[in-house]
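# Quick one: sequence plus predicted model below, questions after.
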Amino acid sequence: MTVAPPRRRLAGMATNPLGCGIDARSNETFDFGAGQVPAHRHINPNGTLGGWVADSATVAPTVWVSGAAWVSGAAWVSGAARVNGGARVSGAAWVYGDAWVSGAARVSGHARVNGDARVNGAACVSGHAWVSGAARVNGDARVNGDARVNGDACVSGDARVSGGARVSGGAHVSGGAHVSGTAHVCGDARVCGDAEVSGNARVSDDADLVWIDRIAHGIPITVARTPTGACVQAGCTHFESIEAALAHAAEGPAEWADATDEQQARWLAEVLAFAALAKIRLGLAEVAS
């Protein structure tokens, strides 16, 4: 059972009449988490009493706001949008069109959610991120920065899309995957597990990405196609090319300093073998017939 935070009446404020499809503005306040602010209960299109809306926010009479949902700050919700369950829309976020924000989802900052997009579960869309079209963001996924998720794309699980990254088409990003930088994942591509696609990578199908969960001293490595070849994400380190990553490995990374010569030789052999496989998979190396 959801228990609403305490609310109180402001002395000396007039009470506006209630009406179907009209905000139930009154002389009440509500605590959205940072103290009491003037607020009112939204009246849903069917005349039922909906969730709390800060007087500083704008919610159109065509919008549905569930009883446990909140809209606060300078947020704007319009069209046939729905804020369902215990969802929260805050900051200067916009939710419009036929978009739904449901469950325990959060849309904040200057984020935009529109079209037929759905943000649900415990997902968060923040910063200047934009989720549109028929895109889905669910689970514990995070979309932030200037990221864009559109088309029929889906971001789920613990996945993150950040920076200026784009996920579009019918692409799926799931698990603990991270798409960042100016990377673009599109088409029918699938990025999952702990894969990291960064830099200016372009992944349009499964043939544009090679990923291994653990290699060498136990780090994940992702090799993704770029307009000029391929980039490499090795743990937290990004390389603009496979050659740059191999040169780093050949020098003996600092993480290998405590390893024996035999361990270092084996780890280097693993990296070289994976790089060769990645080049073949991405069509960057000739294969003898």
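Great, that's in hand.
# mind listing what's buried in stretch 225-243?
By neighbour count on 16 or more other Cβ atoms under 10 Å, the buried set for stretch 225-243 is 225-226, 230-235, 238-239, 241-242. To be clear about C-beta, it is placed using only N, CA and C from the backbone, and glycine gets the same treatment.
# repeat for stretch 37-56
Across stretch 37-56, burial judged by 16+ other Cβ under 10 Å covers 37, 39-44, 50-55.
# Likewise for stretch 133-145?
For stretch 133-145, by 16+ other Cβ under 10 Å, it's 133, 135-139, 141-145.
# helices and strands of the protein: which one has the lowest mean pLDDT?
In the chain, the helix or strand scored least confidently by mean pLDDT, DSSP states H and E is strand 209-215, which has a mean of 64.
# Just to be sure, which of the buried residues of stretch 133-145 are found in strands?
Those of the buried residues of stretch 133-145 mapping onto strands are 136-137, 142-143, per DSSP state E.
# export those residues to a markdown table and tack on distance to residue 157 and pLDDT?
Shown next, in a markdown table, are those (distance: Cβ to Cβ, whole Å; pLDDT from 0 to 100):
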| residue | distance to residue 157 | pLDDT |
| --- | --- | --- |
| 136 | 12 | 97 |
| 137 | 11 | 98 |
| 142 | 11 | 97 |
| 143 | 13 | 98 |
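# Residue 69: which of those residues is nearest?
residue 137 (16.9 Å; Cβ to Cβ).
# isn't that closest one right next to residue 111, touching?
No - here residue 137 lies out of contact with residue 111, judged by Cβ atoms under 8 Å, at a distance of 10.5 Å.
# shared neighbours of these two, anything?
125, 131, 143 (Cβ atoms under 8 Å, 6 or more residues apart in numbering).
# thinking again about what came up before, please work out the average pLDDT along the helix or strand following the least confident helix or strand of the chain.
Counting by DSSP states H and E, the next helix or strand C-terminal to strand 209-215 is strand 219-226. Strand 219-226 shows a mean pLDDT of 76.
# So what are the sheet partners of strand 219-226 and their directions?
strand 209-215 (antiparallel), strand 229-234 (antiparallel) (DSSP bridges).
# tell me which residues in it are buried?
So, applying 16+ other Cβ under 10 Å, buried residues of strand 219-226: 219-226.
# and which of those is nearest residue 171?
residue 224 (12.7 Å).
# okay, the buried residues of stretch 225-243 in CSV with distance to residue 251 next?
Output for the buried residues of stretch 225-243, formatted as CSV (distance: Cβ to Cβ, whole Å):
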residue, distance to residue 251
225, 25
226, 23
230, 20
231, 19
232, 15
233, 18
234, 13
235, 16
238, 17
239, 13
241, 15
242, 15
